[in-house]
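Q: I would like to see how this sequence folds:
(one chain, ligands or ions: 1)
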Amino acid sequence: MIIVIDGPAGSGKSSTAITIAKRLNLQYLDSGALYRAVTSLWINAGKPEKGEFFNILTGIHLQAEYTDDVFHVKANGNDLTAEIRSQEVAGYVSEIASQPEIRSFINAVMKKIVENGIYIADGRDLGTAVFPDAFLKFYMDASIEERARRRFREMEDSGKEVTLGDVEANIRERDRTDQNRKSDPLKKADDAILIDTTGKTFEEQVSEITGIIEEKLKLKH
Ligand code: DC
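A: Numbers count the residues shown, from 1 in each chain. The predicted structure follows:
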């Protein structure tokens, strides 16, 4: 069973999904981390052409698991957890994620992962393309200024040297590519519940979504 939260970069999906996973005892799946991992592999392979990279990718076994407060990603046993959060990866990830072959590779990895357990996952196209029959779908959004401020604070806290302007420019560019790509663009599913977090506290957004999930779980039993 899967609950999905889609939305643009910096809308608060991942921190919200993690907190809800802990409160409701669900497993957490970070689909963006898988796109970042593939982007890292592409950079490490010397940024090859699409066809060549796709050949490399068919020999890669991606594993992902949220443990000890970190979403760990491994490719053929090599730990990519730290490097997938670099600015270089952030700069290329939307371009890599726009390729249909990459998307179907990652979709297959995700479908396999969620076979065992009850998951809450965050991404861009989970409710529209990957899990159209999800148990519940949410679409989180916030103004671009607020999303940039949140990302900037997160990066500052983890010791990264970036400016608010750089972070906002990166988010603006990612919104543009995520929303305009031909293959499964970022879009609210018709049956997704919209959660606009502009001006909401973290606890408010978490409680709102948790309440809806609990209500629907009650109806199921
Ligand atoms: O959530 P994030 O910022 O870590 O995601 C990184 C990138 O991956 C994002 O710019 C778009 C892409 N992505 C995607 O195309 N589809 C998803 N389901 C999740 C992420």
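Q: Distance-wise, check residue 7 relative to the ligand.
A: Applying CB to the nearest ligand atom, to the nearest Å, one obtains 9 Å for the distance of residue 7 from the ligand. (Glycine included, C-beta is placed from N, CA and C.)
Q: wait, doesn't that residue sit right on residue 14?
A: No: counting by CB atoms under 8 Å, no contact exists between residue 7 and residue 14, whose distance comes to 9.9 Å.
Q: Find residues that contact each of the two.
A: With contacts taken as CB atoms under 8 Å, 6 or more residues apart in numbering, residue 7 and residue 14 have residue 122 as neighbours in common.
Q: More neighbours: which of those two?
A: residue 7 (27 against 22; other CB atoms under 10 Å).
Q: Now do the contacts for the more buried one.
A: For residue 7, the contacting residues are 13, 122, 124, 138-141, 186, by CB under 8 Å, 6+ apart.
Q: go on, residue 179?
A: With contacts defined as CB under 8 Å, 6+ apart, residue 179 is in contact with 8, 185-187.
Q: Let me know the closest of the residues you listed to residue 117.
A: For residue 117, the closest of these turns out to be residue 186, at 25.8 Å, with distances computed as CB to CB.
Q: What distance do you get for that closest one to residue 147?
A: Here the criterion is CB to CB, to the nearest Å. By it, residue 186 lies 13 Å from residue 147.
Q: what sits in contact with each of those two?
A: What both residue 186 and residue 147 touch, as defined by CB under 8 Å, 6+ apart, is the set residue 8.
Q: Enumerate the residues of this structure near the ligand.
A: By CB under 6 Å from any ligand atom, the residues of the chain that approach the ligand are 9, 31-32, 35-36, 93-94, 97, 123-126, 174, 178.
Q: and the next element down the chain from whichever strand or helix holds residue 51?
A: Following DSSP states H and E, the helix or strand that holds residue 51 is helix 50-58. Counting by DSSP H and E, the element after helix 50-58 in chain order, helix or strand, is strand 62-67.
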